[in-house]
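> no FASTA, just this:
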């Protein structure tokens with residue numbers, strides 16, 4: 001498959017596939033506690049939500065930068081970003097998917113998992129690094 005074919009595939013990716021792809025990008029850059037939710041039945045604004053925890057402000061900003069870089073390469077729509085400068089909660093609007101990058105304390109305080117509890121959790125098929133380390137010992 002050529003690079004152009006890959007870009008066409010990514011640009012037309014269904015929302016659940018898009019959630020999994022973006023989650024993989026976040027996982028590649030050591031995003032933690034990644035949660036994907038299908039909210040298509042309860043939201044008329046967007047269809048998917050990704051929530052991820054970053055280790056610190058610089059890590060949160062790096063996660064946002066990497067996702068935006070990959071979004072540009074994929075030809076996906078990018079509607080906007082909020083919170084980058086402060087870095088405690090960065091929101092990326094990818095039109096049909098919203099990505100929330102939190103510091104741990106901020107994630108716990110705002111509890112978006114509770115807010116979107118009626119959404120259906122998506123199996124993101126991410127490798128569990130901690131489990132792999134335990135198996136190696």
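Yes, it's here. Remember, predicted model here, so these are calculated numbers, not experimental data.
> in whatever helix or strand residue 107 lives in, what counts as buried?
Using DSSP states H and E, residue 107 sits within helix 104-110. The neighbour-count criterion (16 or more other CB atoms under 10 Å) identifies 106-107 as the buried residues of helix 104-110. In short, each C-beta sits where N, CA and C put it, glycine included.
> Run through who's touching the following helix or strand past that helix.
Per DSSP H and E, the first helix or strand lying C-terminal to helix 104-110 is helix 112-115. Around helix 112-115, the neighbours that count as contacts under CB atoms under 8 Å, 6 or more residues apart in numbering are 35, 49, 51, 100.
> Quickly list what the second one is bridged to.
According to DSSP bridges, the partner residues bridging residue 49 are residue 37, residue 98.
> quick one: low-confidence ranges for the chain?
1-13, 128-137 (pLDDT under 70).
> where along it do the strands fall?
Using DSSP state E, the strands found in the chain span residues 32-38, 48-54, 80-82, 89-93, 97-103, 120-122.
> what's in contact with the second one?
The set of residues that contact strand 48-54 without belonging to it, under CB under 8 Å, 6+ apart, is 15-16, 18-19, 22-23, 26, 31-40, 60, 63, 87, 96-104, 107, 112-113, 116, 119, 122.
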